[in-house]
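>>> Test case, fold it:
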Amino acid sequence: MLRKIFYTFQYSLIISCFILSVSCNYKPEPQSLSLSVASTLNLLQENPQFVMYLNFKNMSHTDFWKKNVSDSLLNAEKTFGSLLYTFKLATGASISDGIDEVYYSNSWFGENAIVLRGVLDRNKLTQFISADTLFSVAKNANGNIIYQKNDNGLYFYFRDDNTICASNYLKQIDLMIAVKDSVKSGILLNEKILNSIQNVIYKEDMWMVSTEKIFIRGIFQNFIESSPESSAESSAESSAESSDESDIEIDSSSQNENQPSTLNDSIPENEKISIINLYKRFNSISFSAKMSDELKFLIQSECINDESSKYLQKILSGVISVAKFRSAGNKNEGTRKILEKVKLDRYDNDVFIELTVDENNIKALRDAKLLNVPNQ
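As a prediction, the model looks like this:
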């Protein structure tokens, strides 16, 4: 009888451990994309270099924002020529009071598309134009009133009392004016980037997504090059090589390809994965954040297959390991605290890097000049 109970307990323990091991590697469920956000994406460019969303209304009500972020962003907002300062002059709306949401997309040739939602004062702009020369006003061929900030060339118009659409490209303004809420347009026609947006884990506060490989290549190269000294990169690549010696081959042919028109994104048959050509094996990359009493910042890299995601995980693991080793000792206490909160996971074709910022490591971020100390 005791032996039967023992075996039953042992079997149950094995099953429980298996379930726990599986659940630990379970991919987080993405937050749903709200209908309001989805319907606004039709105003942005169909084929952007990247698309970004910021919900200041949500973030500004969190403890983390109030204690650590708000004043820093307000200082940045006052920077000469900044986008948000232009809208503050025009409508009185600012990050701290009036601006609820900002949508932003950008193309390779510099054209942008911007949507701003919030509590906007049209009368302020009318009064400003009559008293100053910072803004000018005109009408397009259909009689729509379009404003322009004279010093930076930004065009914008009021889509309704709570929405401004803007661009540095007048043709984009015409495209935005022509958009009908009941008809799919803009990003809603780009299934690839729309799917990537749907896959973003944290959607409610802020996110940025790109499916453009040359943009992804730049991000990845900057990440590797920002690691202290070149040995971090070589150590990371060595780590991947030791796992599969056939993986490593430096493809120097892509190093001088700087323009989208000349970039060869295709993967030649039998091309071996390397740090240099890894960007070709990305479907998308995204950055998202969730605020409460702490900040969770997540980088999601979607690769084309399981092999590529495994290689990426090994590269990143090597970089993080080298950084942790170098942070050992009292002189790098701040860096060590940041790295302790970095979590690296892989889910099939996806690789996640998540950093949690809280009261225990916020000073370390400020010491590293990654976040300003709020003004009192």
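>>> Can you verify my assumption that residue 32 contacts residue 203?
Yes: Residue 32 is in contact with residue 203 according to Cβ atoms under 8 Å; the separation is 7.3 Å. C-beta here means a position set from N, CA and C on the backbone, and glycine is covered the same way.
>>> Tell me where the model's unsure across the chain.
Along the chain, segments meeting pLDDT under 70 span 1-25, 71-81, 223-270, 329-333, 365-376.
>>> Quick one: the strands in the stretch 101-250 of the chain, in order.
For the stretch 101-250 of the chain, the strands defined by DSSP state E, counting those that start in this stretch occupy 112-118, 135-139, 145-149, 154-160, 163-167, 206-210.
>>> so what strands line up beside the last one?
Each strand paired with strand 206-210, and its direction, by DSSP bridges: strand 50-55 (antiparallel), strand 282-291 (antiparallel).
>>> now for the ones you listed, which one comes closest to residue 126?
Closest to residue 126 of these is strand 50-55 (Cβ to Cβ; 27.1 Å).
>>> circling back to that earlier point, look at residue 32 and residue 203 and report which has more neighbours.
Using other Cβ atoms under 10 Å as the criterion, residue 32 and residue 203 rank with residue 203 on top: 21 against 11.
>>> Next up, the contacts around that one.
The contact partners of residue 203, by Cβ atoms under 8 Å, 6 or more residues apart in numbering, come to 30-34, 37, 53, 197, 288.
>>> go on, residue 125?
Here residue 125 is in contact with 90-91, 135, 147 (Cβ under 8 Å, 6+ apart).
>>> with those in mind, which one is nearest to residue 356?
Set against residue 356, the nearest of the contacts of residue 125 by Cβ to Cβ is residue 91 (35.6 Å).
>>> can you count the residues close to the closest one?
With other Cβ under 10 Å as criterion, residue 91 counts 23.
>>> I'd like the distance from it to residue 134, if you could.
Counting by Cβ to Cβ, to the nearest Å, the gap from residue 91 to residue 134 is 13 Å.
>>> go on, residue 325?
From residue 325 to residue 134 the distance is 53 Å (Cβ to Cβ).
>>> More neighbours: which of the two?
Neighbours were counted for residue 325 and for residue 134 using other Cβ under 10 Å; residue 134 has more, 14 against 11.
>>> what's near enough to touch the closest residue to the more buried one other than its chain neighbours?
Spatial nearest neighbour of residue 134, excluding adjacent residues (Cβ to Cβ, 6 or more residues apart in numbering): residue 150 at 6.1 Å. Residues near residue 150 by Cβ under 8 Å, 6+ apart: 133-136.
>>> filter those residues to the buried ones?
residue 135 (16 or more other Cβ atoms under 10 Å).
>>> Make CSV out of the contacts of residue 150 and add distance to residue 127.
Formatted as CSV, the contacts of residue 150 follow (distance: Cβ to Cβ, whole Å):
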residue, distance to residue 127
133, 14
134, 12
135, 11
136, 15
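>>> Could you list the domains of the chain?
Under the assignment automatic domain parsing, the domains of the chain span 35-188, 213-367.
>>> would CSV of the ones you listed with distance to residue 26 be doable?
Converted to CSV, those look like this (distance: least, Cβ to Cβ, whole Å):
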stretch, distance to residue 26
domain 35-188, 26
domain 213-367, 8
